[in-house]
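> My questions concern the predicted model and sequence given below.
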Amino acid sequence: MIPHMGPFRGLLQTSLLGPMSGVPTTIPFYPRKPNVNPTRRRLLIALAGAATAGLSASWASRMKTYAGSVSDHFDGTHFFDPDGASPKKLAEVLRWQFGGGRERHKWPEWVPSPYSDTPPARVEGSKVRFSFVGHASWLIQTGGLNVLVDPVWSERASPFSFAGPKRHNDPGIAFDALPKIDVVLVSHGHYDHLDVATLSNLAAKFSPRVITPLGNDTVMRAADSAIRAEAFDWQDRVDLGNGIAVTLVPTRHWSARGLFDRNKTLWASFVLETPAGKIYIVCDSGYGTGVHFRRVREMHGPLRAAILPIGAYEPRWFMKDQHMNPEDAVKALADCGAEIALAHHHGTFQLTDEAIDAPATALGIALDQAGVPRDRFLALKPGQVMEI
Ligand SMILES: [Zn+2]
Ligand SMILES: [Zn+2]
């Protein structure tokens with residue numbers, strides 16, 4: 001049943017409920033634009049940006065996503081983080097988007113990366129190869145296993161094909177250049193992390209296992225029943241074969257894809273056990289008191305490497321509960337104790353107000369101020385590779 005959505009109703013029918021109600025085997029990355037009047041379009045662009053940045057304004061159906069038993073972070077309907085913060089309210093979204101004094105840096109239309117990666121079929125043994133696809137997407141190859149993290153190959157990170165944050169550079173690996181993908185890790189439901197078009201295309205081509213926190217499996221299968229989604233709770237450890245395993249760990253964030261599904265699916269970060277040591281993959285996270293990072297060190301340390309988000313942080317009054325800035329990320333590195341870190345969540349989709357190069361610049365300054373060598377925490381560009 002389609003909920004009453006006021007002025008959005010027609011749009012939902014054409015752009016959102018349409019694709020969700022079918023069972024396509026392959027979803028095109030670049031769907032055609034429907035007709036939308038300019039005023040409605042402007043509001044939708046603002047709200048789509050807000051939804052993708054991890055805010056409370058969004059859309060979608062009343063679909064039940066998770067019906068498990070109550071726990072210390074699930075009240076029977078909603079997930080919550082005892083050490084986290086509630087998502088922002090719609091009034092605060094509107095104050096950010098339309099309130100006075102906003103300083104939104106306009107990103108250049110197209111900022112191509114000088115790099116492009118063609119990965120090998122496999123990486124055997126104790127080497128780990130990290131290939132940065134862009135934003136929060138990575139290909140990690142180790143122990144003969146190929147793992148994708150939060151894969152987004154779509155043109156927009158948005159519920160809409162015609163509005164919302166658009167790419168400012170191509171994925172660092174062409175989709176057709178991907179090696180056989182064995183496992184996909186999807187951290188949470190926000191559109192810049194859970195992209196059903198990409199998951200559907202991966203399912204059609206490679207049929208990988210998709211490991212995701214509770215409830216997101218329902219979202220994926222509703223879009224395409226071929227997506228082999230398996231949902232797990234915080235602290236569940238999943239054996240991936242070849243001596244590799246992943247544990248889902250709490251992260252200071254939240255979730256929503258629709259007006260009625262806020263925190264009805266779980267969010268997580270990952271600790272990946274590899275032959276080279278443990279890799280802590282933090283997908284979206286505020287800093288808070290740093291307790292999440294220190295707990296991972298206590299429970300899972302020592303960590304060989306960490307992938308930490310450094311972008312989508314301005315304005316701070318709005319973003320800091322859910323997204324770290326580079327200064328926070330340097331503190332998070334100290335807290336988790338990883339030997340080295342790689343930065344992500346910047347430079348491809350403009351979700352927030354800072355300039356395109358601000359996170360990488362601020363990371364260098366924050367490292368200098370903390371006395372941490374710059375080569376211990378690198379910000380790669382899409383298509384760039386690092387091996388350990
Ligand atoms: Zn998010
Ligand atoms: Zn994100």
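Noted; the coordinates are in hand. Ligands and ions are numbered 1, 2, ... in the order given.
> contacting residues around the residue positioned nearest the centre of the chain?
Note on the chain: the residue nearest the mean C-alpha position is His193, at 3.0 Å, using Cα atoms, centre = their mean. Contact partners of His193, counting by Cβ atoms under 8 Å, 6 or more residues apart in numbering, are 136, 150, 152, 186-187, 283-284. Any C-beta I mention is one placed from the backbone N, CA and C, and that applies to glycine too.
> Gly277 too?
Contacts of Gly277 by Cβ under 8 Å, 6+ apart are 302-305.
> Can you list which of the contacts of His193 are found in helices?
Among the contacts of His193, no member is found in helices (DSSP state H).
> Ligand 1 contacts on the stretch 201-350 of the chain?
Asp284 (Cβ under 5 Å from the ion).
> can you give me the strands for the stretch 201-350 of the chain?
209-213, 228-232, 237-241, 244-249, 269-274, 277-281, 303-309, 340-344 (DSSP state E, counting those that start in this stretch).
> Compare the ones you listed and report which one is nearest to ligand 2.
Shortest separation from ligand 2 across those is recorded for strand 303-309, at 7.1 Å, computed as Cβ to the ion.
> Neighbouring strands - and their directions - for the closest one?
strand 277-281 (parallel), strand 340-344 (parallel) (DSSP bridges).
> Let's have the ones you listed in TSV, adding mean pLDDT.
Below are those laid out as TSV (pLDDT from 0 to 100):
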stretch	mean pLDDT
strand 277-281	98
strand 340-344	98
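> With distance to Asp353 added, can I get those strands in a markdown table?
Formatted as a markdown table, the strands paired with strand 303-309 follow (distance: least, Cβ to Cβ, whole Å):
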| stretch | distance to Asp353 |
| --- | --- |
| strand 277-281 | 26 |
| strand 340-344 | 19 |
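> So which of the ones you listed is nearest Gln369?
Closest of the strands paired with strand 303-309 to Gln369 is strand 340-344, at 15.8 Å (criterion: Cβ to Cβ).
> what about Asp83, helix or strand, and which?
Assigned by DSSP states H and E, Asp83 falls within no helix or strand.
> Identify the residue nearest it in space, chain neighbours excluded?
Closest residue to Asp83 apart from its sequence neighbours, by Cβ to Cβ, 6 or more residues apart in numbering: Val291 at 5.4 Å.
> One more: Gly143?
Asn242 (4.4 Å).
> Surely that neighbour is in contact with Asn146?
No - the criterion here is Cβ atoms under 8 Å, and Asn242 misses it with Asn146 at 10.4 Å.
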